[in-house]
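Asker: coordinates only, sequence not included:
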């Protein structure tokens with residue numbers, strides 16, 4: 001028979017999971033392929049399908065490396081295999097159509113959208129499992145109230161909400177890390193053989209999903225030490241064996257195609273080593289900025305309080321979680337500008353577990369203060385949802401710009417670009433670049449050599465004189481002054497499409513957080529006067 005208190009905790013957990021699912025479901029349909037673009041507007045999502053296309057399951061070849069994706073082994077493959085199994089199951093059920101020719105999906109964007117939607121639903125499931133794992137972590141350490149608070153904070157975390165809707169390995173990796181830390185906390189507590197084995201399995205699968213989980217190898221000796229006297233080496237040996245077996249099963253081509261693995265690691269290291277050019281003060285500023293965007297002010301404060309309280313409390317679970325959070329800080333600082341909310345996600349659910357433990361102690365000491373902590377997290381979530389749900393559910397400005405350009409360029413013309421079309425650009429330009437049948441008669445003219453490192457050439461603008469020049473705010477971040485260079489060449493702004501991350505006008509002018517992959521502004525330049533219209537979109541229709 002379930003005790004009333006336990007039953008009540010389960011009901012609260014169910015409510016938290018439902019709220020988490022509702023928040024994450026809001027972004028499932030954002031940026032899916034349509035008539036204007038053949039992939040999603042998150043530039044990382046298409047890599048999973050490219051990697052799957054490089055395999056040949058009929059020949060028992062599950063190596064994702066191909067000519068199109070030579071550095072596919074720069075990340076773990078376990079989640080990729082799970083995603084592939086899901087797509088195969090849906091194909092057998094007649095719900096998706098799997099075709100090896102990518103051009104097929106370019107002509108049938110609805111079929112491509114189903115592939116992405118399946119992957120996003122898988123990420124959402126992993127997101128809910130992470131909330132549940134954080135509950136287990138908190139409840140095992142200090143009771144159901146601590147677990148519920150930790151789960152609530154994770155459910156309401158902005159970065160976790162957003163990344164739970166992308167076909168990438170960030171949230172799956174965070175789930176396996178959190179579950180590994182749960183079993184490691186049990187190793188530190190009771191230390192049964194199955195705790196060691198399960199900690200090893202989860203650690204291996206975490207590393208096979210995201211290589212950033214590899215530092216979990218250092219957590220096993222710590223958990224074993226925290227267990228106290230009477231420690232033998234059978235448990236750690238079993239844990240290491242289980243971890244290696246799980247990793248080999250989830251990322252076998254680390255060993256089977258070692259040269260490609262090294263090639264991928266070289267590509268990855270070139271990305272994460274950007275922090276070498278920054279001073280310590282600049283790295284700390286980037287560190288704080290990434291955490292602020294990922295957590296928001298309320299959860300950031302609660303997480304910081306939880307980390308401090310863990311250092312003061314010094315119980316086994318708190319020390320284990322604090323050690324994990326601190327262990328990753330040097331890796332984050334090394335990453336520099338690529339220290340995004342998605343890349344720091346491995347430490348955020350454990351940090352929310354620490355916040356839950358601290359809030360639980362505060363609740364026991366001053367119930368009103370504990371309730372206030374939960375209320376602050378809820379209030380922040382309401383404000384965040386009010387800003388991001390319209391953004392996610394509305395039409396992307398790249399689609400709005402595409403529709404306008406399609407009408408404007410129906411009779412052909414020339415469009416000037418500062419680089420090759422990308423996820424920053426209106427989708428129709430990228431599609432026209434890859435398929436001549438789109439925007440027939442229209443020519444795309446490159447004004448900046450196709451590189452971020454060069455501003456649009458005034459000479460090229462004056463010599464080629466394209467009918468229109470298109471520039472997004474995301475591109476201009478890498479090329480400060482590009483807009484001024486275009487204006488100086490005799491062009492004027494004739495059309496703009498804008499989005500802001502605001503609530504009822506509050507926060508107007510604030511850029512959309514980078515984790516949404518949505519440019520704040522797309523500007524079209526050309527000869528003539530600017531067109532006027534409401535809602536930040538000058539509309540002549």
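Answerer: On my side now, so go ahead. Being a predicted model, the structure only gives us computed values, none of them experimental.
Asker: every contact and neighbour count from this point should use C-alpha atoms.
Answerer: Will do.
Asker: tell me where the protein has strands.
Answerer: Taking DSSP state E as the test, the strands found in the chain are 413-417, 442-446, 468-472, 492-498, 521-526.
Asker: format these as a markdown table; extra columns: mean pLDDT, distance to residue 85 and mean neighbour count.
Answerer: Conversion of these to a markdown table gives the following (pLDDT from 0 to 100; distance: least, Cα to Cα, whole Å; neighbours: other Cα atoms under 10 Å):
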| stretch | mean pLDDT | distance to residue 85 | mean neighbour count |
| --- | --- | --- | --- |
| strand 413-417 | 89 | 40 | 21 |
| strand 442-446 | 86 | 40 | 19 |
| strand 468-472 | 92 | 37 | 24 |
| strand 492-498 | 93 | 39 | 21 |
| strand 521-526 | 93 | 38 | 22 |
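Asker: reformat these as TSV; add distance to residue 346.
Answerer: Supplementary listing: these in TSV, determined by distance: least, Cα to Cα, whole Å:
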stretch	distance to residue 346
strand 413-417	37
strand 442-446	40
strand 468-472	31
strand 492-498	33
strand 521-526	31
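Asker: among the ones you listed, which comes closest to residue 214?
Answerer: Judged by Cα to Cα, the one of the strands of the chain that comes nearest to residue 214 is strand 468-472, at 37.3 Å.
Asker: the closest one pairs with which strands?
Answerer: Here the strand partners of strand 468-472, with direction, are listed using DSSP bridges: strand 413-417 (parallel), strand 521-526 (antiparallel).
Asker: contact partners of it?
Answerer: 414-418, 424-425, 483, 519-527 (Cα atoms under 8 Å, 6 or more residues apart in numbering).
Asker: hmm, 6 Å instead?
Answerer: 415-417, 521-526 (Cα atoms under 6 Å, 6 or more residues apart in numbering).
Asker: which one of the residues you listed is nearest to residue 465?
Answerer: Minimum separation from residue 465 among these (Cα to Cα) is found for residue 416, which lies at 8.2 Å.
Asker: one step back: quick one: closest of the strands paired with strand 468-472 to residue 219.
Answerer: Nearest to residue 219, of all the strands paired with strand 468-472, is strand 521-526, at 44.6 Å by Cα to Cα.
Asker: just the helices in the stretch 201-350 of the chain please.
Answerer: Chain-ordered helices for the stretch 201-350 of the chain, with DSSP state H, counting those that start in this stretch as the definition, fall at 219-226, 234-250, 253-256, 258-272, 280-313, 316-335, 348-365.
Asker: could you list the buried residues of the longest one?
Answerer: The reference is to helix 280-313. Residues of helix 280-313 classed as buried by neighbour count (16 or more other Cα atoms under 10 Å): 283-284, 286-287, 289-296, 298-307, 309-310.
Asker: so which elements touch that helix?
Answerer: Taking 3 or more Cα pairs under 6 Å, 6 or more residues apart in numbering; DSSP states H and E as the contact definition, the neighbouring helices and strands of helix 280-313 are helix 158-163, helix 348-365.
Asker: re earlier: what would the helices of the stretch 201-350 of the chain look like in a markdown table with distance to residue 79?
Answerer: A markdown table is the format used below for these (distance: least, Cα to Cα, whole Å):
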| stretch | distance to residue 79 |
| --- | --- |
| helix 219-226 | 23 |
| helix 234-250 | 8 |
| helix 253-256 | 14 |
| helix 258-272 | 17 |
| helix 280-313 | 23 |
| helix 316-335 | 22 |
| helix 348-365 | 19 |
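Asker: ranges for the helices of the stretch 351-500 of the chain?
Answerer: Secondary structure of the stretch 351-500 of the chain (DSSP H, counting those that start in this stretch): helices located at 367-393, 397-408, 427-434, 458-464, 473-478, 482-488.
Asker: quick one: distance of stretch 478-488 to the chain centre.
Answerer: Taking Cα atoms, centre = their mean, to the nearest Å, one finds stretch 478-488 lying 30 Å from the centre of the chain it belongs to.
Asker: what pLDDT, on average, does it get?
Answerer: For stretch 478-488, the per-residue pLDDT values average out at 82.
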